[in-house]
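Undergrad: I'd like to go over a predicted model; first the sequence, then the structure.
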Amino acid sequence: MLLETLKQFDWLNEPQRVRFDDEGMFVTARSRTDFWCCARYGFRKDDGHFFFCYALGDFCCDLDWKFERPGAFDQCGIMIRADVNNWFKASIMYEDAENPLLATSLTNDGLSDLATVPLPKGTNHVWYRLKRRKDCYIASYSLDGFEYMQLRKFYLLHDVDDIKVGAYVCSPQNDDFEAVLQSIQIG
C-alpha cells in the first residue's frame, strides 16, 4: 500500500495503534467500540474507527482486510457515512469462533438494521466493493479478489454529494482487535 495515496484520508475516532509494513496498514481497534444505532432501546455506539476520504458524485471504492484471530463480533469492512444518523457498513463478523458471517447494516434516521450471509469456516480475508451510481449504492464482496457477489442495493434517506467512504474496524466486546488493511482504492 502506497503511503502517498493515504494522505487524502482521515480518521473518525482514531484507533489506539496503527503501523505499516509491506503487507499493509495494521490497525488495532480499541475494545468496546462499534457503529450501531437503536433508537427504540436508546442504544447508540459511534466510536468505531473509520478511515475515510470524501467522494463526490459517482464512485467505486475497493478495499480488502485480512486478520488472524477475531473475537466475538469483531468487525473490519467498508463504510459510507453522511452523518451520525445516516450510514452503511459491510464487514465480516464472527458471532463465535466457528461461524463467520458477512454482515451489512444500513442506518437511516438513526435506526440500524442488520442482514447476514454465512461465510466458509476459517475465512480471514475479504475484499469489499461499494459503488454509488446517482442516488443508488451497491455493496459487493469477494473471497478471492476477483469474483464479486452483490450483497445489497440500497439508498440513504439523507444522502450527501460529498459522502465519506472508506474502511472501518471495531471491537464491540472485551478484547482489542487487530486487522490489516491491505489495499484501498477510490475512483
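TA: Now that the structure is in, tell me what you want to look at.
Undergrad: counting neighbours, what do you get for D47?
TA: Residues within reach of D47, counting by other C-beta atoms under 10 Å, total 15. Bear in mind the C-beta positions are built from the backbone N, C-alpha and C, glycine included.
Undergrad: what's the nearest residue to it if we skip its chain neighbours?
TA: Sequence neighbours aside, T33 is the residue nearest to D47 in space, at 4.9 Å (criterion: C-beta to C-beta, 6 or more residues apart in numbering).
Undergrad: again with F9
TA: Going by C-beta to C-beta, 6+ apart, F9 has C53 as its nearest residue, at 4.9 Å.
Undergrad: report the contact partners of that neighbour.
TA: 8-10, 164-166, 186 (C-beta atoms under 8 Å, 6 or more residues apart in numbering).
Undergrad: nearest to F177, of these?
TA: Among the contacts of C53, G166 lies closest to F177 (C-beta to C-beta), at 17.5 Å.
Undergrad: name every strand pairing with the helix or strand hosting V27 and say which way it goes.
TA: Of the helices and strands defined by DSSP states H and E, V27 is found in strand 24-29. Strand 24-29 sits in its sheet next to strand 17-21 (antiparallel), strand 177-186 (antiparallel), going by DSSP bridges.
Undergrad: so which of the ones you listed is nearest I78?
TA: Smallest distance to I78 across the strands paired with strand 24-29 (C-beta to C-beta): 9.1 Å, for strand 177-186.
Undergrad: so what touches that closest one?
TA: With C-beta under 8 Å, 6+ apart, strand 177-186 has contacts from 1, 5-6, 9, 17, 23-29, 31, 51, 53, 55, 59-68, 70-71, 74, 76, 165-167, 169-171.
Undergrad: now, of the residues you listed, which are buried?
TA: By neighbour count, with 16 or more other C-beta atoms under 10 Å, those hold 1, 9, 24-29, 31, 51, 53, 55, 59, 61-67, 70, 74, 76, 165-167, 169-171 as buried.
Undergrad: for T5, which three-state class applies?
TA: Going by DSSP: H, G, I helix; E, B strand; the rest coil, the secondary structure assigned to T5 is helix.
Undergrad: picking up where we left off before, with distance to R44 and mean pLDDT added, can I get the strands paired with strand 24-29 in CSV?
TA: Converted to CSV, the strands paired with strand 24-29 look like this (distance: least, C-beta to C-beta, whole Å; pLDDT from 0 to 100):
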stretch, distance to R44, mean pLDDT
strand 17-21, 25, 93
strand 177-186, 21, 94
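Undergrad: from one end of stretch 90-109 to the other, what's the distance?
TA: 18 Å (C-alpha to C-alpha, to the nearest Å).
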